[in-house]
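Asks: just a sequence and a predicted model for now, questions to come.
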Amino acid sequence: MGAVPQAPRTRVTARVRDLRFDAGSLSLNLVATVGRRPVAPVERMGDVERLGAWCRGVGLTPAPGCAGEALLRSLHALRDAAFDIASSVLDGHRPSPASIALVNELAAFEAPVARLEWTPEGVRPAPGSLPLTEDALLSVVARDLAGLVSDASRRERLGMCASESCRMLYLNPAAGRSRQWCSMRRCGNNAKAAAHRRRRADGNSWRRDDSSC
């Protein structure tokens, strides 16, 4: 059996532990609460306080008494299943039957009544308009994942960050070019800076070699 690939050694800074809300869908934002999958995982939603921050960030409002350890554990389980299923679209592996069964079980719960809101970008659903029970909240996330992977147009837009120390899953916009990085401000800029350093190092090496001739 081959050796497990190792991610580049990088520091786990506060920014690496930041919650991400730019994956392009609710379920992928949940998957993004673990950074640097799969070889050097960084937990970004490890306690109830971070759970509350994530719910606010994605616009979900848990009903009073629901945003506790039980919901955190359930979201962690759904997160693992969502990563297993979504990543299978990209690499072709067969998702675990347990992952599919969990998503189906959670999605079967009756969804809350849909509500709309107006934003500068136009009309959109407002999933956090009403407080959600644990079952309802999990159902909203599970249904988002099911809709993503069952819709051919959305499935084709699924991508993975090219950075070996990131590998975040994200949904490319419906219009425009597919992007290589999860974010140009993060991994894109890091890659550009690394390439610049390599070019400088190669140039310095060439000058040293030339001077020795």
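Replies: Noted; the coordinates are in hand. Quick caveat, the model's predicted, so the values are computed rather than measured. Numbers count the residues shown, from 1 in each chain.
Asks: okay, CA-based contacts and neighbour counts for the rest of this
Replies: OK.
Asks: got a list of what Met160 touches?
Replies: Contact partners of Met160, counting by Cα atoms under 8 Å, 6 or more residues apart in numbering, are 90, 167-170, 180-182.
Asks: so for it, what's the nearest residue that isn't a sequence neighbour?
Replies: Of all residues not flanking Met160 in the chain, Leu169 sits nearest, at 4.5 Å (Cα to Cα, 6 or more residues apart in numbering).
Asks: quick one: that neighbour and Cys182 touch, right?
Replies: Yes. Contact status for Leu169 versus Cys182: in contact at 7.5 Å, counting by Cα atoms under 8 Å.
Asks: so for the two, which residues contact both of them?
Replies: 23, 160-161.
Asks: could you dump these to CSV with pLDDT and secondary structure?
Replies: Shown next, in CSV, are the shared contacts of Leu169 and Cys182 (pLDDT from 0 to 100; DSSP: H, G, I helix; E, B strand; the rest coil):
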residue, pLDDT, secondary structure
Ala23, 96, coil
Met160, 96, strand
Cys161, 95, coil
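Asks: for Glu105, state which of those residues is nearest.
Replies: Proximity of the shared contacts of Leu169 and Cys182 to Glu105, judged by Cα to Cα, is greatest for Ala23, which lies at 24.0 Å.
Asks: surely the closest one is in contact with Ala32?
Replies: Yes. Between Ala23 and Ala32 a contact is recorded at 7.2 Å, counting by Cα under 8 Å.
Asks: any common contacting residues for these two?
Replies: 168-169.
Asks: looking at those two, which one has more neighbours?
Replies: Legend: neighbour count by other Cα atoms under 10 Å for Ala23 and Ala32, higher for Ala32 (28 against 22).
Asks: hang on, isn't the more buried one packed against Arg20?
Replies: Yes. The criterion here is Cα under 8 Å, and Ala32 meets it with Arg20 at 6.1 Å.
Asks: spatially nearest residue to Asp84 (excluding sequence neighbours)?
Replies: Spatially, and ignoring its direct neighbours in sequence, Asp84 is nearest to Pro95 (5.7 Å; Cα to Cα, 6+ apart).
Asks: for that neighbour, what are its contacts?
Replies: Counted by Cα under 8 Å, 6+ apart, Pro95 has contacts 84-85, 88.
Asks: where's it relative to Leu30, distance?
Replies: Note on Pro95: its distance to Leu30, by Cα to Cα, to the nearest Å, is 18 Å.
Asks: and for Ala114?
Replies: 20 Å.
Asks: so those two - more neighbours on which side?
Replies: Neighbour totals were compared for Ala114 and Leu30, and Leu30 leads with 25 against 11 (other Cα under 10 Å).
Asks: give the helix, strand or coil label for the more buried one.
Replies: Three-state call for Leu30 (DSSP: H, G, I helix; E, B strand; the rest coil): helix.
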